[in-house]
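In: A predicted structure for the sequence below; I have some questions about it.
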Number of protein chains: 4
Amino acid sequence: MKIGKVTVPRTAIATSDEHTIVVRGRDLSRDLIGKVSFVEHFFLLLTGRMPTAGQAEVLNATLVAIAEHGLVPSVQAARMTFAAAPDAMQGAVAAGILGCGSVVLGSSETAGRLFSEIDARVQAGAALDDAALAAMKDWRTAGRAIPGYGHPQHKERDERVGALFGVARHAGTDLRFVAIAEAAETLLAQVLNKDLKLNVSGAIPAVLLGAGFPLQALKGVPILARTAGLIAHLYEEIEQPIGFALSYQATREMVYEGVLPEGFGKHP
Amino acid sequence: MKIGKVTVPRTAIATSDEHTIVVRGRDLSRDLIGKVSFVEHFFLLLTGRMPTAGQAEVLNATLVAIAEHGLVPSVQAARMTFAAAPDAMQGAVAAGILGCGSVVLGSSETAGRLFSEIDARVQAGAALDDAALAAMKDWRTAGRAIPGYGHPQHKERDERVGALFGVARHAGTDLRFVAIAEAAETLLAQVLNKDLKLNVSGAIPAVLLGAGFPLQALKGVPILARTAGLIAHLYEEIEQPIGFALSYQATREMVYEGVLPEGFGKHP
Amino acid sequence: MKIGKVTVPRTAIATSDEHTIVVRGRDLSRDLIGKVSFVEHFFLLLTGRMPTAGQAEVLNATLVAIAEHGLVPSVQAARMTFAAAPDAMQGAVAAGILGCGSVVLGSSETAGRLFSEIDARVQAGAALDDAALAAMKDWRTAGRAIPGYGHPQHKERDERVGALFGVARHAGTDLRFVAIAEAAETLLAQVLNKDLKLNVSGAIPAVLLGAGFPLQALKGVPILARTAGLIAHLYEEIEQPIGFALSYQATREMVYEGVLPEGFGKHP
Amino acid sequence: MKIGKVTVPRTAIATSDEHTIVVRGRDLSRDLIGKVSFVEHFFLLLTGRMPTAGQAEVLNATLVAIAEHGLVPSVQAARMTFAAAPDAMQGAVAAGILGCGSVVLGSSETAGRLFSEIDARVQAGAALDDAALAAMKDWRTAGRAIPGYGHPQHKERDERVGALFGVARHAGTDLRFVAIAEAAETLLAQVLNKDLKLNVSGAIPAVLLGAGFPLQALKGVPILARTAGLIAHLYEEIEQPIGFALSYQATREMVYEGVLPEGFGKHP
């Protein structure tokens, strides 16, 4: 069935013949394997350009920062799934990735959109603080949450934020989105009436946008990073299974709020 | 509900308090962000040990080798899924990862098992060729395919194989699984009556097992690598959509083999 | 980690002890197995109430209407995934379901939201046509597509629409959302400047909302229905594999738009 | 890329033109919508034949039996996923389905394979008890678990088993796989040295194989049934969120077994 107008598939990422796999114009076996790191390769795949050392440094740091945070919901989902379907590691990874949504891990991309809107106002001549305040007020008026600030566990500024900003300074990449993120952090209390600090999902776009990482691909960073963490957890699950223990604990205090049929619990 | 005997979840990967995230005994913000690459971090997450430079070199090379091969089935599945559900990049990545199964990308792990069996025979005193032949014959007797050899497109030895073996030699990691993979390649014709060459799914465990990567986690390497490729394709899909074009092309020559109800195709 | 305020899980759907599984207040083995159809059970699970005969008739009809439409993108994704990972049928079904997104199958729910907004205006005293026109104009002003109208293949009104409306009339369920859907169909040309007819994703909420099906669960109808179709396709895939043929066809006319390294295609 | 020999996709399930959708030889809008139940439609999609009343009765009963069992691991995974990614119900359903694996829900298919092997021995002339004992011993010799018996919660025979067998007797479908399942239940203690009773995953193939349901599609029954249950849980999750509460409870007694960096927990 024809859906839409495009009927011929086009791609600029890769092609191959019997002898050679071409990735972004390079011969994969000759020019890339053993010559570039996986993270440089990821940047190349995404943008078509090899990253500078500074860009690669920043991208590495963000992936390290977000890869792992213990037995969080997506890890639990993955380990429970693996316990039930141990033949299909790919299914358990997929279950974990499916939790990279708008509430928990997807806010990197949304925060990146906010910072880009602020940046556009600045590029158009506004002062940074005015731009930040106006953009945040617009978001609130439209009923949208301000992404990238606050954390259920880290009430002060998440220590990963400072670490990432330090890396960006060291790497020499563009710091203007860091300035935007910090301006918005200072002004946020005027918009929300509570004092929330930058979290890791705010810091990631702040450093990545300045490193030339595409806004629309930001959601890919937590997805790729968490995949690494999920694989580590699934390997641990093979060695020391806890998937069903997590599930057991989760419902120990479960309250059933429905009706019970007559005789339930009174079995002879 | 209690399933199995373990009721308390245990992990050695990560923990945290309000201030500090601990990953494999390190303070994430102080010791890891900006200090280690994402691939070193992946190795650390998985094994609890920081890789040597050689181990990291080999792991990087395998991830680069398997990340991308053009519009393969899993990429098509992901791009079609994203075209239909553009709000959920994580869902499209998950759809692509679900194709990392036993037939296409999972054979790295199976090949690793074969090589480990051969290695165990060698450790027990057998000559390499005898060990390889005996293990392959056992697999065939049990009705199992020999994984890691042959490719639908690359009839000669896939060029990625030589590139990966070159990296392993340069990196100075243990080469005994490379020797095993090559011995099995030479002897394979005696077992299969056809001459198949090592493919990338055979080369990956050959170099990774020698670099201290755990056998049971091998399936994670194509999963992580392909996640990077999938994200690049989904970003391209946002910029230049072909998901529905792929689907349209796929069925242009479709043959319906069922019955047709009377009057079908004769609408006035 | 504590996310949000709720810490005790509660559910009204089911509980069990060693002897009895309770579903929505009924003893599953005594009151439901063999006593109710699967579709009645689904309605009960969802709403806590057993459907009337008319409600069950309408729900059955919508599930039948949307279960299958040939080798559409989500079916292709599922069959390709199964070809690559044949040990994990659940993974292939999941890949297919992940395509039930906002563009292709999720519009049932969005159309239901539009019809509910129109209904609210009517309940508040507006004439039906005024309410429909005002709501559609509001959606367009907010930059939203009008869901439930138009189909890439069925340019006239999709025949499933009339069939579903006929079922609703026969079943005696509330027809007011059918009237809303038809009023909007008539007025749509004033909003869009093109004449689109009701499609099956518009007809489904039109009949289901009148049958007491909850608005927020509408997306579940195409998901459940397609799961049945996907299982049929995966069973056919076992018997007659076409997953890789679909993938091969999809890229026969593929255009690579990137650079080629020197010497590509000129292998000796 | 060409993988395998088939290059033209063929299907006997459905086709369509601009006016008519054909499903298994029927005009969907004229012959099926409003004329057949969803479960009859599922049987038709799968087998190409309309089920008898008895076959539909049995299939309905199995789907009802397995659709729901409270906050089991796959439901927890789905609700956690939905809490994190509330915009993508399809992703949360997919996460739940991915837990329909070999350990928890997939054993219906494996049990069906065991019963079919026993049946083949009986068709070849063996006495039922001899056939059952020999097949089970073969499975144990091959290191395989005997599927379809035992349940972590229901130590006596799961009440759903008797209910399903009662439906099969009432429906008048072939009872020979019920006889096989019960013979194996009686003899199992001789093979395992523990006395396990038939569970619902054993009862499902016992009644479905006798109702003409294809062995290779058995895994689809728990998948379809659980999809209904998952949708109900996700609708409840919208109304009363517990996804994060489940995750919080799951780790309250979590033990971190790794090293702690100096100063952890002693923040000023």
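Out: Received it, and whenever you're ready, just let me know what you need.

In: Centroid-nearest residue for chain A?
Out: residue A:222 (2.4 Å; Cα atoms, centre = their mean).

In: so that one touches residue A:105, yeah?
Out: Yes. With contacts counted by Cβ atoms under 8 Å, residue A:222 reaches residue A:105, the gap being 4.1 Å. For glycine as for every other residue, the C-beta is placed from the backbone atoms N, C-alpha and C.

In: Which residues are in contact with each of those two?
Out: When Cβ atoms under 8 Å, 6 or more residues apart in numbering or on different chains defines a contact, the residues bordering residue A:222 and residue A:105 alike are A:66, A:201.

In: Look up phi and psi at whichever residue of the stretch 1-150 of chain A sits closest to chain C.
Out: When scored by Cβ to the nearest Cβ, the stretch 1-150 of chain A has residue A:25 as its residue closest to chain C, at 3.3 Å. According to degrees, to the nearest 10, the main-chain angles of residue A:25 amount to phi 80, psi -10.

In: Against residue C:256, how distant is it?
Out: The spacing between residue A:25 and residue C:256, counted by Cβ to Cβ, to the nearest Å, is 10 Å.

In: can you give me the helices for the stretch 151-268 of chain A?
Out: Here the stretch 151-268 of chain A has its helices, by DSSP state H, counting those that start in this stretch, at A:159-171, A:176-192, A:200-210, A:220-239, A:243-250.

In: returning to what we had before: any idea how far residue A:50 is from the residue of the stretch 1-150 of chain A closest to chain C?
Out: 10 Å.

In: pLDDT below threshold where in chain A?
Out: Applying pLDDT under 70 to chain A flags residues A:1, A:154, A:267-268.

In: 90 - rerun?
Out: Screening chain A residue by residue with the criterion pLDDT under 90, one finds the ranges A:1-7, A:17-19, A:101-107, A:150-158, A:193-195, A:262-268.

In: coming back round to it: what's around the residue nearest to the residue of the stretch 1-150 of chain A closest to chain C when sequence neighbours are not counted, how many residues?
Out: With Cβ to Cβ, 6 or more residues apart in numbering or on different chains as the criterion, residue A:25 has its nearest non-adjacent residue at 3.3 Å, and that residue is residue C:259. Here the number of neighbours of residue C:259 (other Cβ atoms under 10 Å in any protein chain shown) works out to 13.

In: follow-up on the earlier one: give the contact list for the residue nearest to the centre of chain A.
Out: By Cβ under 8 Å, 6+ apart, the neighbours of residue A:222 are A:66, A:100, A:105, A:106, A:108, A:201, A:204.

In: Let's see that with 6 Å instead.
Out: Going by Cβ atoms under 6 Å, 6 or more residues apart in numbering or on different chains, residue A:222 touches A:66, A:100, A:105, A:108.

In: Can you tell me the element the third one falls in?
Out: Taking DSSP states H and E as the criterion, residue A:105 maps to no regular element, lying outside all helices and strands.

In: Filter the contacts of residue A:222 down to just the ones in helices.
Out: By the criterion of DSSP state H, membership of the contacts of residue A:222 in helices covers A:66, A:108.

In: so which of the contacts of residue A:222 comes closest to residue A:18?
Out: Distance ranking of the contacts of residue A:222 against residue A:18, using Cβ to Cβ, places residue A:100 first at 37.2 Å.

In: Pull out the buried residues from stretch A:116-132.
Out: Across stretch A:116-132, burial judged by 16 or more other Cβ atoms under 10 Å in any protein chain shown covers A:116, A:117, A:118, A:119, A:121, A:122, A:126, A:128, A:131, A:132.

In: So which bits of the stretch 101-250 of chain A are right by chain C?
Out: Contact residues, the stretch 101-250 of chain A versus chain C (Cβ under 6 Å from any Cβ of the partner chain): A:152, A:153.

In: Quick one: name the residues of the stretch 101-250 of chain A near chain B.
Out: Counting by Cβ under 6 Å from any Cβ, the positions of the stretch 101-250 of chain A adjacent to chain B are A:159-160, A:163, A:167, A:216-217, A:219-220, A:223-224, A:227-228, A:231-232, A:235, A:238, A:242, A:244-246, A:248.

In: Tell me where the stretch 1-150 of chain A has helices.
Out: With DSSP H, counting those that start in this stretch as the criterion, the stretch 1-150 of chain A has helices at A:38-47, A:53-66, A:73-84, A:89-97, A:107-123, A:128-141.

In: who touches residue A:128 in this structure?
Out: The contact partners of residue A:128, by Cβ under 6 Å, 6+ apart, come to A:122, A:183.

In: Relative to chain D, how far out is it?
Out: 31 Å (Cβ to the nearest Cβ, to the nearest Å).

In: same deal with residue A:139?
Out: From residue A:139 to chain D the distance is 17 Å (Cβ to the nearest Cβ).

In: How about stretch A:92-99 and chain D, touching?
Out: Yes. Between stretch A:92-99 and chain D, judged by Cβ under 6 Å from any Cβ, the touching residues are A:95, A:98, A:99.

In: Next: stretch A:227-239.
Out: No. Judged by Cβ under 6 Å from any Cβ, stretch A:227-239 makes no contact with chain D; its nearest approach is 10.0 Å.

In: looking at it, residue A:67 is touching residue A:225, isn't it?
Out: Yes. Using Cβ atoms under 6 Å, residue A:67 and residue A:225 qualify as a contacting pair, with a distance of 4.2 Å.

In: How many neighbouring residues does residue A:53 have?
Out: Number of residues near residue A:53 (other Cβ under 10 Å) recorded here: 10.

In: Please apply the same query to the one 10 residues further on.
Out: Residue neighbour count, defined by other Cβ under 10 Å, stands at 25 for residue A:63.

In: That one contacts residue A:225, correct?
Out: Yes. Counting by Cβ under 6 Å, a contact exists between residue A:63 and residue A:225, whose distance comes to 4.5 Å.

In: What residues does the closest residue to residue A:37 other than its chain neighbours make contact with?
Out: In this structure, residue A:37 finds its nearest non-sequential neighbour in residue B:60, 4.9 Å apart by Cβ to Cβ, 6+ apart. Listed by Cβ under 6 Å, 6+ apart, the contact partners of residue B:60 are A:37, A:38, B:39.

In: again, but for residue A:58
Out: For residue A:58, the set of contacting residues under the criterion of Cβ under 6 Å, 6+ apart consists of A:167, A:168, A:171, A:173, A:207, A:211.
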